[in-house]
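1. Below is the structure, and that's it, no one-letter string:
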């Protein structure tokens with residue numbers, strides 16, 4: 001098949017953008033022809049497939065926005081949120097994306113268009129004749145938009161799609177409530193992970209942790225992901241501050257984002273001077289080493305649709321402590337980690353101490369790979385191909 005992908009965000013530094021890149025790479029490796037388009041970001045656009053960008057000030061292209069690309073909750077390359085757009089900005093955004101899609105459909109001649117997120121680009125696609133599929137990662141539903149016109153664009157974008165995909169059953173329900181689209185056209189297909197990369201491995205714990213200034217002889221917990229408000233990293237820091245220093249685990253925070261300054265300030269205010277903020281790690285193999293070296297991944301998020309770091313940690317045999325407002329609670333349950341009520345810092349502190357005391361890494365970690373085996377990319381891409389074929 002020939003598939004054109006349109007993403008609201010660059011193909012790095014966000015879960016949904018990385019998702020598009022990984023699906024496109026996997027499809028190309030299986031002999032399909034793919035092309036992608038997304039807003040221009042700071043990362044070099046070095047992809048194995050044809051790739052175009054919608055330009056922003058300072059990063060021009062064939063099609064250009066007069067402002068940074070808007071996004072749902074903050075991005076490394078743009079802090080402009082959709083809620084900050086006025087009617088004129090929205091019209092400009094739609095015109096630019098309609099032009100870009102029209103040109104690429106004429107040039108690439110795809111069988112189907114894959115639009116990431118049931119939002120403005122999906123609305124632009126609804127004004128074209130090409131069959132398209134909308135994939136929702138949840139951000140367009142879980143954080144309400146102040147501008148009521150977005151509801152209209154979202155509804156039309158969903159209704160015009162041949163097929164729609166939700167990454168979790170909860171998001172599927174939100175898609176139906178927002179549009180009334182035929183339930184038979186809503187497919188539940190989660191994002192995938194690369195089983196050749198994220199897997200249990202013997203690593204030099206002293207070398208991996210030592211590279212961050214941490215010890216190999218003390219339990220180490222980590223947060224890995226974007227640092228934005230809804231990820232609630234300060235909840236983990238507040239929980240740590242309640243644990244007496246002799247029993248407190250080492251903490252590694254991997255990631256960046258608009259919430260990083262606040263997290264740094266909270267750690268300093270609470271006297272957590274030994275929390276290591278490592279910044280973003282782009283190398284997947286290095287991340288695999290980190291997942292295998294740490295004892296526990298902590299995800300304090302609220303309304304987090306499907307944090308891939310949880311899936312990757314479990315695939316590496318590392319247990320996960322997550323809030324009950326994450327889209328992976330059914331996978332983690334109390335089998336490959338534990339689930340606690342969102343915002344309950346006391347429960348986080350108790351979980352951290354129990355994980356160290358009972359050695360969850362040994363007792364629960366080995367159960368993780370089996371919990372996510374059906375989430376590997378080869379399985380997921382086959383499911384998406386079935387959706388594309390139905391749409392085309």
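-> Nice, I can see it. The model shown is predicted, which means the values in this text are computed figures rather than measured ones.

2. helix/strand/coil for residue 5?
-> strand (DSSP: H, G, I helix; E, B strand; the rest coil).

3. Near residue 377, how many other residues are there?
-> Neighbour count of residue 377, defined by other C-beta atoms under 10 Å: 20. Quick note: C-beta positions are derived from backbone N, CA and C, even for glycine.

4. An error on my part: the question was meant for residue 239.
-> Neighbours of residue 239 (other C-beta under 10 Å): 23.

5. Leaving out sequence neighbours, find the closest residue to it.
-> residue 348 (3.6 Å; C-beta to C-beta, 6 or more residues apart in numbering).

6. does that neighbour sit in a helix or strand, and which one?
-> Using DSSP states H and E, residue 348 falls within helix 345-357.

7. contact partners of that helix?
-> Residues from elsewhere that reach helix 345-357 (C-beta atoms under 8 Å, 6 or more residues apart in numbering): 219, 221, 235-236, 238-240, 242-243, 247, 249, 295-296, 298, 300, 319, 321, 338, 340-341, 360-361.

8. which among those residues end up buried?
-> 219, 221, 235-236, 238-240, 243, 249, 295-296, 298, 300, 319, 321, 338, 340, 360-361 (16 or more other C-beta atoms under 10 Å).

9. In helices, which of the contacts of helix 345-357 appear?
-> 235-236, 238-240, 360-361 (DSSP state H).

10. Low-confidence regions, this protein specifically.
-> 45, 143-144 (pLDDT under 70).

11. in the chain, which helix has the most residues?
-> From DSSP H, the single longest helix across the chain is helix 87-108.

12. Could you check how far that one is from the centre of its chain?
-> 25 Å (C-alpha atoms, centre = their mean, to the nearest Å).

13. which secondary structure elements does it contact?
-> strand 2-6, strand 33-39, strand 51-55, strand 63-64, helix 120-126, helix 149-159 (3 or more C-beta pairs under 8 Å, 6 or more residues apart in numbering; DSSP states H and E).

14. The fourth one pairs with which strands, and in what direction?
-> So the one you mean is strand 63-64. Using DSSP bridges, the strands paired with strand 63-64 are strand 51-55 (parallel).

15. mind listing what's buried in the partner strand?
-> 51-55.

16. Show me what residue 81 is bridged to.
-> Residues in beta-bridge contact with residue 81 (DSSP bridges): residue 71.

17. I'd like to know how far it sits from residue 71.
-> 7 Å (C-beta to C-beta, to the nearest Å).

18. More neighbours: these two, which one.
-> The neighbour comparison of residue 81 against residue 71 (other C-beta under 10 Å) goes to residue 71, with 23 against 17.

19. Which residues belonging to the helix holding residue 348 are considered buried?
-> 345, 347-353, 355-356.

20. just stretch 30-48 next, same as before
-> Within stretch 30-48, judged by 16+ other C-beta under 10 Å, the buried ones are 32-41.

21. Next: stretch 204-222.
-> So for stretch 204-222, counting by 16+ other C-beta under 10 Å, buried means 205, 208-209, 212, 214, 219-222.

22. Kindly report the same for stretch 115-130.
-> 115-126, 130.

23. start to end distance for it?
-> Distance between the two ends of stretch 115-130: 12 Å, counting by C-alpha to C-alpha, to the nearest Å.

24. what about the strands in this protein?
-> 2-6, 33-39, 51-55, 63-64, 112-116, 132-136, 163-166, 186-188, 220-224, 250-254, 276-279, 296-299, 320-323, 337-340 (DSSP state E).

25. CSV for those, including distance to residue 311?
-> Listed next are the strands of the chain as CSV, based on distance: least, C-beta to C-beta, whole Å:
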stretch, distance to residue 311
strand 2-6, 21
strand 33-39, 23
strand 51-55, 25
strand 63-64, 34
strand 112-116, 18
strand 132-136, 17
strand 163-166, 16
strand 186-188, 15
strand 220-224, 12
strand 250-254, 16
strand 276-279, 20
strand 296-299, 10
strand 320-323, 9
strand 337-340, 12
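
26. Among the ones you listed, single out whichever gets nearest to residue 17.
-> Among those, the nearest to residue 17 by C-beta to C-beta is strand 33-39 (6.5 Å).

27. The closest one - contacts with which helices or strands?
-> strand 2-6, helix 15-29, strand 51-55, helix 87-108.

28. and of these, who's closest to residue 305?
-> Once the helices and strands packed on strand 33-39 are compared by C-beta to C-beta, helix 15-29 is nearest, at 8.3 Å.

29. Can you list the buried residues in that closest one?
-> Of the residues in helix 15-29, 15-28 count as buried by neighbour count, 16+ other C-beta under 10 Å.

30. report the angle between the axes of that helix and strand 2-6?
-> 170 degrees (axes from the mean of the first three to the mean of the last three C-alpha atoms, to 10 degrees).

31. quick check: angle from the longest helix of the chain to strand 33-39?
-> 160 degrees.

32. Of the buried residues of helix 15-29, just say which sits nearest to residue 315.
-> The closest of these, once distances to residue 315 are taken by C-beta to C-beta, is residue 22, at 14.0 Å.

33. Roughly how far does the closest one sit from residue 34?
-> 11 Å.

34. ok, now residue 216?
-> 43 Å.

35. same check, this time on residue 318
-> Residue 318 is 32 Å from residue 34, by C-beta to C-beta.

36. repeat for residue 354
-> 45 Å.

37. next one: residue 103
-> 17 Å.

38. go on, residue 162?
-> 18 Å.

39. can you check residue 60 too?
-> 24 Å.

40. same question, residue 319
-> Counting by C-beta to C-beta, the gap from residue 319 to residue 34 is 36 Å.

41. now swap in residue 179 and tell me
-> Distance from residue 179 to residue 34, by C-beta to C-beta: 27 Å.

42. Kindly report the same for residue 14.
-> 19 Å.

43. who's in contact with the residue nearest to residue 235 when sequence neighbours are not counted?
-> Distances taken as C-beta to C-beta, 6+ apart place residue 300 nearest to residue 235, at 4.1 Å, with adjacent residues excluded. With contact taken as C-beta under 8 Å, 6+ apart, residue 300 is in contact with 223, 231-233, 235-236, 322-323, 342, 348.

44. and with 7 Å instead?
-> 231-233, 235-236, 323, 348 (C-beta atoms under 7 Å, 6 or more residues apart in numbering).
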